[in-house]
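Chemist: fold the following, please.
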Amino acid sequence: MPLSLDSRKRDILATMGVEVWGLRGDGGVDAGVAGEDVAGDSVATEVNAAADGEAAAVVAAAEMPAPATVKGTVESAAAAADPPSTVSADTVAAAESTAETAAAESTTAGESTTVAADSLARVAAEVAACEQCELHRARNNTVPGGGNPRADWLFVGEAPGRDEDAQGEPFVGRAGKLLDMMIAALGMKRDTVFVANVLKCRPPDNRDPLPGEIEMCEAYLHRQLALIQPKVIVALGRVSAQALLKTGDALGTLRGAAHRYGPAGIPLVVTYHPAYLLRSPEQKSKAWDDLWLAKGIAEAEAGGAALDVS
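Modeler: This is a model prediction of the structure:
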């Protein structure tokens, strides 16, 4: 009686490393082998239903030499069905690396602004929770700054005033409206630039920031500048200019020249604070000269031209 190999028996053979030849139900070889006949008595014993009988019959069948034609045909069929891979491990690794690189590059441009915005949001969250100095006790809102996270222009004032403290936004009072007009005169809109202050909380009675307050708060501004990487910084007023340039020089000395800020050497121009211009409108022409200087610097930076700050 021919050996009947169901899936279980084939699994037993496979675990023993024994090749399995496909047999027809009538005991003959597979149709792919012509002129060959495997008689049922070529198998040592009939497979019983019990597990022990099955194992003994499988072992006996495994010990029988396979006819050369049948064995060769089965091996050829197996090779055709599952040919050896000719792709090297290095090739596969290179393909995976290329796919990963392409996926990363496809998202870089779209994510760049988001990354900066998220980082600026983290700075704002830290500012909101900050209690390093006494100014947090009387504040209504922190004023971290706002605008385009990829702005070419960054305007820096000294500290929030009453209106800014009430709304949590920089330059929203009368001085803010004048700043908007100054930005418009440069051919830009407020939402295309970034506006911030050295201090993120309002000093009482709008007094000048104290050196200790600046020291504890300025790290937030430096982080914002590093994230945004503007082409030009405009320091609005003496306090802002001195804090950014780490100098005690007077405003009149700092105006009318191009300075450099930080390790990246970002061009920086000093001008009057809009609040001062409201009190001294005769100085607006000088402020316009400063803005025109900043505009020329920004255009030179955009065009890759070298800037002489000597």
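
Chemist: need the pLDDT of Asn206.
Modeler: Asn206 is assigned 89 on the pLDDT scale.

Chemist: now Lys200
Modeler: If you check Lys200, the pLDDT there is 98.

Chemist: didn't it look like it was pressed against Asn141?
Modeler: No: applying CB atoms under 8 Å, one finds Lys200 not in contact with Asn141, separated by 9.7 Å. (C-beta placed from N, C-alpha, C; glycine too.)

Chemist: the more surrounded of the two?
Modeler: Neighbour count, other CB atoms under 10 Å: between Lys200 and Asn141, Lys200 has more, with 29 against 16.

Chemist: so the more buried one, which of the three states?
Modeler: With DSSP: H, G, I helix; E, B strand; the rest coil as the basis, Lys200 sits in coil.

Chemist: OK, contacts around it?
Modeler: Residues near Lys200 by CB atoms under 8 Å, 6 or more residues apart in numbering: Val127, Cys130, Thr142, Val143, Pro144, Gly145, Pro160, Cys217, Tyr220.

Chemist: for it, give its distance to Met188.
Modeler: 24 Å (CB to CB, to the nearest Å).

Chemist: now Glu301
Modeler: From Glu301 to Met188 the distance is 15 Å (CB to CB).

Chemist: repeat that for Gly161.
Modeler: 23 Å.

Chemist: neighbour count winner among these two?
Modeler: The neighbour comparison of Gly161 against Met188 (other CB under 10 Å) goes to Gly161, with 22 against 18.

Chemist: how is the chain divided into domains?
Modeler: For the chain, automatic domain parsing gives the domain ranges 7-81, 119-302.

Chemist: PyMOL command to pick out the buried ones of the contacts of Lys200?
Modeler: Buried residues within the contacts of Lys200, by 16 or more other CB atoms under 10 Å, are selected in PyMOL with:
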select buried, resi 127+130+142+143+144+145+160+217+220
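
Chemist: just the ones of the contacts of Lys200 in helices?
Modeler: Secondary structure from DSSP state H places Val127, Cys217, Tyr220 of those in helices.

Chemist: any residues touching the helix or strand where Ala241 lies, and which ones?
Modeler: Using DSSP states H and E, Ala241 sits in helix 238-245. Under the criterion CB under 8 Å, 6+ apart, residues 156-159, 197-198, 208-209, 214, 218, 233, 235, 247-251, 254, 259, 261, 268, 270, 273 lie in contact with helix 238-245.

Chemist: how about stretch 121-128?
Modeler: Stretch 121-128 is contacted from outside by Thr142, Pro144, Gly145, Lys200, Tyr220, Arg223, Gln224, Leu227, using CB under 8 Å, 6+ apart.

Chemist: and if we set it to 7 Å?
Modeler: Thr142, Pro144, Lys200, Tyr220, Arg223, Gln224 (CB atoms under 7 Å, 6 or more residues apart in numbering).

Chemist: is it true that the last one touches Ala196?
Modeler: Yes: applying CB atoms under 7 Å as the test, Gln224 and Ala196 come out as touching, 5.9 Å apart.
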